[in-house]
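Undergrad: The following comprises the amino acid sequence and a computationally predicted model.
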Amino acid sequence: MTSTITGLPDRYRPLDQVAPDEQTPTGVIRSWRARDRVLNRDVALRVHSPGGPAARDWITRA
């Protein structure tokens, strides 16, 4: 399952957004400090939310 608020899988519990949103031609990147519930430790995550003019090409290549 995925959290609808952050877009993160349920495995991760977001603790802090550690950097401002980073705008790219293919969307927005958010950097999080999160708790990995399986490994039971804090991890760093970068979440890319597609959007913008180049998003279709980026999604096609992914």
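TA: That came in fine, so what should we check first? Numbering: from 1, shown residues only.
Undergrad: Not counting residues beside it along the chain, what's closest to the spatially most central residue of the chain?
TA: The residue lying closest to the centre of the chain (C-alpha atoms, centre = their mean) is residue 47, at 1.6 Å. Leaving aside its sequence neighbours, residue 47 sits nearest to residue 30 (C-beta to C-beta, 6 or more residues apart in numbering; 4.9 Å). (Each C-beta comes from the backbone N, C-alpha and C, glycine too.)
Undergrad: which residues does that neighbour contact?
TA: Residue 30 is in contact with 6, 17, 19, 21, 22, 46, 47, 49, counting by C-beta atoms under 8 Å, 6 or more residues apart in numbering.
Undergrad: Quickly note the distance from residue 42 to residue 48.
TA: 21 Å (C-beta to C-beta, to the nearest Å).
Undergrad: which of the two has more neighbours?
TA: Neighbours per residue (other C-beta atoms under 10 Å) separate residue 42 from residue 48, with residue 48 holding more: 16 against 12.
Undergrad: What are the boundaries of the strands in the chain?
TA: 12-17, 22-24, 27-36, 41-50 (DSSP state E).
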